[in-house]
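Trainee: quick one: sequence and predicted model below, then my questions.
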Amino acid sequence: MILWKMAQHYLWILLLCLQTCLEAAESNTNILTVNGILGEPVTFPLNIQDIQQVTNINWMSSKTSVAVVVAHSDAPPQVIVTHQNYKQRINVSSQNYDLEISNLRMEDEAIYKADINTKNSEKETLTRTYKLQVYRRLGKPKITQSLMTSTNSTCNVTLTCSVEKEENNVTYRWSPMGTEGSVLQVFQTPNNQELTYTCTAWNPVSNNSDSISAQQLCADSAMGLHMRHPGMLSGLAVLFLVIVILPAVLLFLFCKRGRGSSLKILKSKKKPDAVSKNTIYTCVTAPRDPQPAELRIYDEISLSKMDKTINTQDSKPPGIPSYVSVI
């Protein structure tokens with residue numbers, strides 16, 4: 001555990017010294033800027049005068065170590081990659097020991113330093129410093145237009161040029177005017193219908209362009225203007241229908257529903273109850289018996305009960321009096 005902490009301590013000191021050396025190298029005017037393309041290889045030229053005097057080369061970046069190249073007089077140089085991010089991406093030329101990094105990534109951007117040790121390294125150690133910048137290869141830009149005004153045969157149009165993946169270091173130029181910038185204001189008249197506007201986008205590693213004719217420009221703009229007017233009128237018509245007709249329909253349905261409820265209440269008041277309509281009142285006199293007085297019993301019976309009563313009376317044996325009076 002103690003040895004591990006000591007190793008970490010020395011490692012931090014080594015990285016601090018490396019950063020200090022590279023910062024000092026950045027301030028040197030001999031820094032060579034190297035532009036690389038994303039996904040493609042890039043080469044760091046050493047420009048060594050006497051290649052036979054080289055014994056080894058140590059490559060480092062401002063982020064990490066890169067590789068160690070050991071020279072052999074009768075064989076290709078031995079390359080030892082010292083960081084896993086550069087595995088299978090480092091190549092060294094046998095003729096001049098130039099370093100090549102393939103399949104560039106955006107995180108490869110850094111300051112690179114090569115310490116060249118020679119057989120006379122006690123007297124002189126050669127140092128080369130590079131600043132690597134990685135760019136994307138530009139695709140074809142796209143020109144979009146927006147109509148400002150269109151009267152008679154003239155039109156005032158704004159053209160905008162852009163690439164698919166915008167970067168801070170992309171610049172634009174319009175021809176034939178020579179105007180720089182991604183936006184161009186065009187006042188088109190019948191006298192210059194034959195013009196063609198070309199936008200060229202470029203960065204330090206690539207460029208691409210797109211064009212549009214003046215005749216197509218005004219024709220497309222006028223068509224877009226004519227198509228917008230019917231669409232606007234249709235939208236206003238729909239809005240009118242929603243604001244005016246829809247509330248009227250809702251009000252009509254509400255009133256109709258209220259009237260229907262009132263009619264139902266009136267009908268329910270006027271219509272006699274089905275039970276009361278089928279009910280009659282009868283007075284039945286019980287037969288004489290030892291009781292002191294006649295008992296008069298009032299009962300409510302339905303029509304079906306009355307039919308049963310009448311049928312029962314008809315079936316009674318003679319001699320048993322019964323009286324039925326309907327009120």
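Mentor: Sure thing, it's come through. In this text the structure is predicted, and so the values were computed from the model without any measurement.
Trainee: which stretches of the protein form helices?
Mentor: Along the chain, the stretches classed as helices by DSSP state H are 2-26, 214-240, 246-270, 274-277, 303-315.
Trainee: and residue 172, what pLDDT?
Mentor: We have a pLDDT of 95 for residue 172.
Trainee: just give the number of residues close to it.
Mentor: Neighbour count of residue 172, defined by other CB atoms under 10 Å: 20. Any C-beta I mention is one placed from the backbone N, CA and C, and that applies to glycine too.
Trainee: any idea how far residue 141 is from residue 198?
Mentor: According to CB to CB, to the nearest Å, residue 198 and residue 141 sit 10 Å apart.
Trainee: spatially nearest residue to residue 59, not counting backbone neighbours?
Mentor: Leaving aside its sequence neighbours, residue 59 sits nearest to residue 66 (CB to CB, 6 or more residues apart in numbering; 4.0 Å).
Trainee: touching, the one you found and residue 84? I think so.
Mentor: No. Counting by CB atoms under 8 Å, residue 66 does not reach residue 84; the two are 11.3 Å apart.
Trainee: now do the contacts for residue 197.
Mentor: Counting by CB atoms under 8 Å, 6 or more residues apart in numbering, residue 197 makes contact with 143, 159, 174-175, 184, 186, 211-214, 217.
Trainee: let's see that with 7 Å instead.
Mentor: By CB atoms under 7 Å, 6 or more residues apart in numbering, residue 197 lies in contact with 159, 174, 184, 186, 211-212, 214.
Trainee: and these, which are buried?
Mentor: Buried by 16 or more other CB atoms under 10 Å: 159, 174, 184, 186, 212, 214, out of the contacts of residue 197.
Trainee: tell me the pLDDT at the fifth one?
Mentor: Looking back up the chat, that one is residue 212. You'll see residue 212 listed with a pLDDT of 90.
Trainee: mean confidence for stretch 76-83?
Mentor: 93.
Trainee: residues making contact with that stretch?
Mentor: Residues from elsewhere that reach stretch 76-83 (CB under 7 Å, 6+ apart): 64-72, 87, 90, 92, 94, 97.
Trainee: residue 89 touches residue 101, doesn't it?
Mentor: Yes. Between residue 89 and residue 101 there is a contact at 5.6 Å, judged by CB atoms under 7 Å.
Trainee: not counting residues beside it along the chain, what's closest to residue 110?
Mentor: Nearest residue to residue 110 in three dimensions, chain neighbours excluded: residue 61, at 4.2 Å (CB to CB, 6+ apart).
Trainee: what bits of this protein have low per-residue confidence?
Mentor: 1-29, 121-123, 148-153, 166, 190, 218-238, 240-242, 258-327 (pLDDT under 70).
Trainee: okay, now the domains of it?
Mentor: 15-135, 138-271, 276-326 (automatic domain parsing).
Trainee: same drill for residue 89 and residue 101, tell me which one is more crowded.
Mentor: residue 101 (22 against 17).
Trainee: what's near enough to touch the more buried one?
Mentor: Residue 101 makes contact with 41-42, 86, 89-90, 108, according to CB under 7 Å, 6+ apart.
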